[in-house]
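Asks: A structural model of the following input is requested.
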Amino acid sequence: MMNETMNQIGWQIESLKKLFKHVSFFSLQQEIYPGGRTCQALLNHIVLLPEADYRLSQGATEEEIEQFYLYWEKELTSTEMLEARLDLSFSILKDAYKELEPEELAVKTASYWGTKYNQTEWLLVILTHLSHHRSQLFTFLRTEGEQLDVQLFE
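Replies: The predicted structure follows:
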């Protein structure tokens, strides 16, 4: 199941990179819905998500995650950097899971807010988390009038 889940995450990442190409400078400053985060903030969140959620699965504290996002927020200034950081984030996730032994996959770890999952469940959380934000970006771009040739599902 690990390989299949990683393949689905990889497919979503490739479709996200296609969506990134439709984001204009003007769109970056827009809220994705009234009172919500800006498109730039959403993109920053998306590209860090595989690594950040993996860190959560390893017991990272709220402060550690906040510092992680704050650091990278200043570095992500172009579409090319966003794509490269997304690739790095996914690579870190894949490498970490390659190193896990079968018995380690069953170990439950708690997030700082108290949710407990084993590593297989955390990987599914990462997949659904990416899917959620990919759909947000897709919907935002459509409401901005973009004609998208990006599939959300195969």
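
Asks: could you dump the helix or strand of the chain with the lowest mean pLDDT to CSV, C-alpha only?
Replies: Every helix and strand of the chain was ranked by mean pLDDT, DSSP states H and E. The lowest is helix 25-28, at a mean of 85. The C-alpha trace of helix 25-28 is given here as CSV (Å, rounded to 0.1, in the frame of the first residue of the first chain):
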residue,chain,number,x,y,z
PHE,A,25,1.3,37.8,-10.0
PHE,A,26,-2.0,39.5,-9.4
SER,A,27,-3.6,36.2,-8.2
LEU,A,28,-0.8,35.7,-5.6
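
Asks: What are the buried residues along the next helix or strand after that helix?
Replies: On the C-terminal side of helix 25-28, the closest following helix or strand by DSSP states H and E is helix 39-57. By neighbour count on 16 or more other C-beta atoms under 10 Å, the buried set for helix 39-57 is 39-40, 42-57. Using the backbone N, CA and C atoms, a C-beta is placed for each residue, glycine as well.

Asks: looking at this protein, which residue lies furthest from center?
Replies: Most distant from the centre of the chain: E103, at 26.1 Å, with distances by C-alpha atoms, centre = their mean.

Asks: Which of the three states applies to it?
Replies: Three-state assignment for E103 (DSSP: H, G, I helix; E, B strand; the rest coil): helix.

Asks: Mind giving me the packing neighbours of the least confident helix or strand of the chain?
Replies: Under the contact criterion of 3 or more C-beta pairs under 8 Å, 6 or more residues apart in numbering; DSSP states H and E, helix 25-28 touches helix 39-57.

Asks: I'd like the next helix or strand past the helix it packs on.
Replies: Past helix 39-57, the next helix or strand by DSSP H and E is helix 62-73.

Asks: tell me how far that next one is from the chain's mean position?
Replies: Computed by C-alpha atoms, centre = their mean, to the nearest Å, the chain-centroid distance of helix 62-73 equals 14 Å.

Asks: Now it: buried residues?
Replies: Across helix 62-73, burial judged by 16+ other C-beta under 10 Å covers 65, 72.

Asks: so how far is the next helix or strand after that helix from its chain's centroid?
Replies: Where DSSP H and E defines the elements, the next helix or strand beyond helix 62-73 is helix 79-98. From the chain centre to the centre of helix 79-98 is a distance of 9 Å (C-alpha atoms, centre = their mean).

Asks: And for stretch 108-117?
Replies: That offset, for stretch 108-117, works out to 19 Å (C-alpha atoms, centre = their mean).
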